[in-house]
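Chemist: take a look and give me a structure for this.
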Amino acid sequence: MRLIFAAMSHDHDHHHHHDHDHSELSETELRVRALETILTEKGYVEPAALDAIIQAYEIKIGPHNGARVVAKAWTDPAFKKALLEDGSKAIGTLGHVSRVGDHLVVVENTPARHNMVVCTLCSCYPWEMLGLPPVWYKAAPYRSRAVKDPRGVLADFDVTLPKDIEIRVWDSTAETRFLVLPMRPEGTEGWSEEQLAELVTRDSMIGTGFPRKPGAPS
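Modeler: Residues are numbered from 1 along each chain as shown. All right, here's what the predicted structure looks like:
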C-alpha cells in the first residue's frame, strides 16, 4: 500500500478563521447552547430562525447537493471532466455557489486509489455540498488518526480496502475544501441521475464510506 498525505498549507494567522475545536463534544454542546441562549435572550436572533437554519442544512441541503453533483458526474463525462479540473466552477454551472468563498476540489476514487478527507487543524468542510458535518469529523481522534493510520480509521467505518490500493488523505483548509467522487456502483447501467443520487451517501463523499448498492435500504 502507498499512503500519500496531500496536505494543503495552513496559515494559522490568516487562513484558519474557523473554530479550532480541541474540546470534547459535551463541552462543545454546552458552548453552542450558551451562544444560542445569549443570541436569543438579547434579541439578536429568533429561536425559530436558528431552527430553520439547522433544518435547512440537515434536511433540505444535507448531502443532497453533493449527491446530485456526483450523480451527474457519473452520467455526464463532460461534466465529470470539468468537475475534476475545477470543482467550484463546475458546480457553479448547476447553480451552487459557496457562501464562504472557499474553493472546492473534487478528487476521484478509482480501483487503484481511495481518497479520504480530513481537516487536521479544525473542521473545514464543504457545507453547501454535504450539509452539517458529522460529529466525528470534528473530533481530535479522527483528525489525528486519519493522517497517521487512515487504513485503521477506515476499518472503524467498516471500509476494508485491498492492501495494494493507494490511500490518499486530503487536508482541508479555510480556502480549499475537498469532495470525494466515489466510484459508481455496479448494476446501475441506464439509471437516471435521480436514481443514482439516492445511492450517494455523505460518508462516500468524505471517503469514509461507499455509495449504497442497488437494492440496499436507504
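Chemist: all strands of the protein, in order?
Modeler: Remark: strands assigned in the chain by DSSP state E are 3-7, 103-108, 113-118, 166-171, 176-181.
Chemist: you'd agree residue 179 is up against residue 125?
Modeler: No - contact criterion Cβ atoms under 8 Å: residue 179 and residue 125 do not qualify, at 10.0 Å. Backbone N, C-alpha and C define where each C-beta goes, glycine included.
Chemist: who has more neighbours out of the two?
Modeler: The neighbour count for residue 179 versus residue 125, taken as other Cβ atoms under 10 Å, is higher for residue 179 (25 against 22).
Chemist: and the nearest residue to residue 145 once chain neighbours are set aside, how far from residue 106?
Modeler: The shortest distance from residue 145 to any non-neighbouring residue, by Cβ to Cβ, 6 or more residues apart in numbering, is to residue 153 (5.0 Å). According to Cβ to Cβ, to the nearest Å, residue 153 stands 21 Å off from residue 106.
Chemist: neighbour-wise, which of the two wins?
Modeler: Comparing residue 153 with residue 106 by other Cβ under 10 Å, the one with more neighbours is residue 106, at 27 against 23.
Chemist: how about the helices in this structure?
Modeler: Taking DSSP state H to define them, one finds helices in the chain at 25-41, 47-55, 64-75, 77-85, 87-92, 127-130, 135-138, 140-148, 150-156, 193-197.
Chemist: could I get the fourth one in CSV with only the CA atoms?
Modeler: By that I understand helix 77-85. Presented in CSV, the C-alpha positions along helix 77-85 are these (Å, rounded to 0.1, in the frame of the first residue of the first chain):
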residue,chain,number,x,y,z
PRO,A,77,-18.4,12.6,-19.0
ALA,A,78,-18.0,16.3,-19.9
PHE,A,79,-19.3,17.5,-16.6
LYS,A,80,-17.1,15.0,-14.8
LYS,A,81,-14.0,16.3,-16.6
ALA,A,82,-14.9,19.9,-15.7
LEU,A,83,-15.6,18.9,-12.1
LEU,A,84,-12.2,17.3,-11.7
GLU,A,85,-10.5,20.3,-13.3
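Chemist: now it: average pLDDT?
Modeler: Helix 77-85 shows a mean pLDDT of 97.
Chemist: let the chain start at 262 from now.
Modeler: Sounds good: first residue 262 from here, last item helix 338-346.
Chemist: buried sites along that helix?
Modeler: Neighbour-count burial for helix 338-346 flags 340, 341, 343, 344 (criterion: 16 or more other Cβ atoms under 10 Å).
Chemist: the third one contacts residue 351, doesn't it?
Modeler: Yes - with the criterion set as Cβ under 8 Å, residue 343 and residue 351 qualify as a contacting pair; they are 4.3 Å apart.
Chemist: separation between the nearest residue to residue 349 once chain neighbours are set aside and residue 351?
Modeler: Nearest residue to residue 349 in three dimensions, chain neighbours excluded: residue 365, at 4.7 Å (Cβ to Cβ, 6+ apart). Distance, residue 365 to residue 351, using Cβ to Cβ: 9 Å.
Chemist: how about residue 477?
Modeler: 28 Å.
Chemist: rewinding a little: tell me which residues touch the residue nearest to residue 349, please.
Modeler: Neighbour list for residue 365: 348, 349, 352, 359, 387, 390, 437, 438, 439, 440 [criterion: Cβ atoms under 8 Å, 6 or more residues apart in numbering].
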